[in-house]
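[1] Test case, fold it:
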Amino acid sequence: MAGSQSFFELFLLFSIFDLNLGKYAEVILGDPFTFPQDECKTESRLVKTLGQDITRSVAVGRNSTWTPDDYYRDRVNQDSSVTFSRTVFTDTGTYELTCDDDDKFTVIQLKIVPLYEPWVKEGEEVKLMCNYDCPGKDVKSVKWTKDGKLVLEHNFTSDENKYGTRSKEGKVSVSPNGFKEGDLSLTMRGAQEEDAGDYICSVHTGEGQNGKDESVTAVRVTVINRSVDHTTDSTEQPLNPDAPKEKQMETWLVVLITAALMLLVLAPVFTLFGWWLKSRRSSVSSLPGYQDVP
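    A predicted model of the protein is given here:
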């Protein structure tokens with residue numbers, strides 16, 4: 001799916017935001033990610049914050065070359081930049097980029113967004129999973145987009161839905177108990193081929209200038225066309241017109257082989273039975289007073 005891949009690349013490109021306290025980036029789980037960097041005259045360091053006054057070294061830069069720490073060596077190469085060749089879920093967190101020769105200090109917030117890839121047969125219903133702690137994070141609304149375009153936005157405060165140009169009421173919906181249960185999944189009914197694509201579930205938290213959007217889940221939907229699904233097509237004709245004749249010949253061949261095997265098994269039995277009758281007749285004929293009946 002070249003189109004889907006290019007969309008996610010654009011999603012990654014436009015998901016790096018400059019904030020007052022540093023940079024914020026959202027990356028699809030498994031995709032590569034390159035950290036933004038500042039030019040340092042001497043030595044630079046990139047660390048991940050694990051807790052209060054606890055950090056883990058990611059890489060050290062000297063002479064325009066970054067050397068990864070052993071912990072990240074399987075996913076970060078020695079290069080002119082720090083790049084995760086593939087992101088894992090535990091990469092989510094806060095990173096700090098510092099320069100030893102001056103007071104340059106950059107904070108990078110990295111969010112890893114999980115990707116799900118469900119498939120559905122044309123005309124059937126599919127549920128695009130998305131879960132979030134709504135009460136705990138003061139979520140105001142949930143928004144589903146497809147390839148960057150609105151599908152459905154639900155406002156929890158007003159309990160109103162806003163539909164995209166290609167979606168309508170009854171086609172898509174979210175759970176009425178979504179806020180309470182943290183279930184923001186999108187239910188899509190009567191799936192069609194044009195419904196295939198990449199969907200993003202995002203939430204809006206806070207109000208006014210304090211509000212922000214956060215992507216929670218990415219879902220790549222595949223719709224199977226029933227016209228090419230022959231698993232339940234009772235009218236499908238055999239591709240080989242001679243198939244019935246070949247099947248009949250195979251049946252007769254099985255019958256002949258079975259008969260031959262039965263003959264080989266029963267022949268010794270009948271031979272022994274004949275010998276037993278002959279010997280018994282000889283024994284009876286030798287008894288006194290025995291006389292054959294003409």
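
[2] Domain parsing of the protein, as residue ranges.
    Following automatic domain parsing, one finds the domains of the chain at 2-113, 115-226.

[3] JSON lines for those, including mean neighbour count?
    (Glycine included, C-beta is placed from N, CA and C.) What follows is these, written out as JSON lines (neighbours: other Cβ atoms under 10 Å):
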{"stretch": "domain 2-113", "mean neighbour count": "15"}
{"stretch": "domain 115-226", "mean neighbour count": "16"}
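
[4] Each with direction, which strands does the longest strand anywhere in the chain pair with?
    The longest strand of the chain (DSSP state E) is strand 212-224. With DSSP bridges as the test, strand 212-224 is paired with strand 115-116 (parallel), strand 119-121 (parallel), strand 197-205 (antiparallel).

[5] So which residues make contact with the last one?
    Strand 197-205 is contacted from outside by 4, 7-8, 11, 113, 128, 130, 132, 134, 137-147, 151, 184-186, 211-221, using Cβ atoms under 8 Å, 6 or more residues apart in numbering.

[6] quick revisit: can you tell me which of the domains of the chain has the worst average pLDDT?
    Per-stretch mean pLDDT for the domains of the chain is lowest at domain 2-113 (a mean of 82).

[7] need the contact list for the closest residue to residue 190 other than its chain neighbours.
    Counting by Cβ to Cβ, 6 or more residues apart in numbering, residue 190 lies nearest to residue 123, which is 5.8 Å off, once chain neighbours are set aside. Residues in contact with residue 123 (Cβ under 8 Å, 6+ apart) are 190, 191, 192, 226.

[8] Tell me the one of these nearest residue 34?
    Nearest to residue 34 among those is residue 191, at 35.9 Å by Cβ to Cβ.

[9] my guess is that closest one contacts residue 118, does it?
    No: using Cβ atoms under 8 Å, residue 191 is not in contact with residue 118, being 10.2 Å away.

[10] All the strands of the stretch 1-150 of the chain, residue numbers only.
    16-19, 22-28, 33-34, 43-51, 54-62, 65-68, 83-84, 93-99, 105-113, 115-116, 119-121, 126-128, 139-146, 149-155 (DSSP state E, counting those that start in this stretch).

[11] and of those strands, who's closest to residue 75?
    Nearest to residue 75 among the strands of the stretch 1-150 of the chain is strand 83-84; the distance by Cβ to Cβ comes to 5.2 Å.

[12] List of residues touching the closest one?
    Here strand 83-84 makes contact (Cβ under 8 Å, 6+ apart) with 32, 33, 34, 35, 72, 75, 76, 77, 91.

[13] out of these, what pair is the most spread apart?
    Using Cβ to Cβ, the two most remote members of those are 77 and 91, lying 16.0 Å apart.

[14] quick one on the thing from earlier: I'd like the distance between the residue nearest to residue 190 and residue 167.
    From residue 123 across to residue 167, the span is 17 Å (Cβ to Cβ, to the nearest Å).
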